[in-house]
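Participant: Please work out how this folds:
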Amino acid sequence: MDGAEPDLPLAGIRILDLSTVVAGPFGSEILGQLGADVIRIDPPPADPAVPSKPAGDPVNEAEGFLWALQRNKRQA
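Facilitator: The predicted structure follows:
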């Protein structure tokens, strides 16, 4: 069950998240909150939904928002 609480409705279900922008990552975050084992595959570096910033710059608001959508997921 990969650490999910057995009483959650989606416990024991594995989901592969290949989504970008906002709607897909938000939906898979909710599935993770419901107990699914969500595995996130990062998009290519040229994905327009992933904000780019020079090394050493502080995190901007858009990037922080996108990071917040990655809760309850494993990175692959």
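Participant: need the contact list for Gly70.
Facilitator: I think there's a mix-up here, since residue 70 is Gln and not Gly. Applying C-beta atoms under 8 Å, 6 or more residues apart in numbering, we find Gln70 in contact with 25, 29, 40. For the C-beta atoms, the positions are set from N, CA and C on the backbone; glycine is no exception.
Participant: Can you classify it by secondary structure?
Facilitator: Using DSSP: H, G, I helix; E, B strand; the rest coil, the secondary structure recorded for Gln70 is coil.
Participant: any chance you could map the helices in the chain?
Facilitator: 23-33, 61-68 (DSSP state H).
Participant: Can you flag the weakest of those helices by average pLDDT?
Facilitator: Lowest mean pLDDT of these: helix 61-68, a mean of 69.
Participant: which intervals of the protein have sub-threshold pLDDT?
Facilitator: 1-5, 44-64, 76 (pLDDT under 70).
Participant: surely Phe26 meets Leu69?
Facilitator: Yes: with contact defined as C-beta atoms under 8 Å, Phe26 counts as touching Leu69 (5.5 Å).
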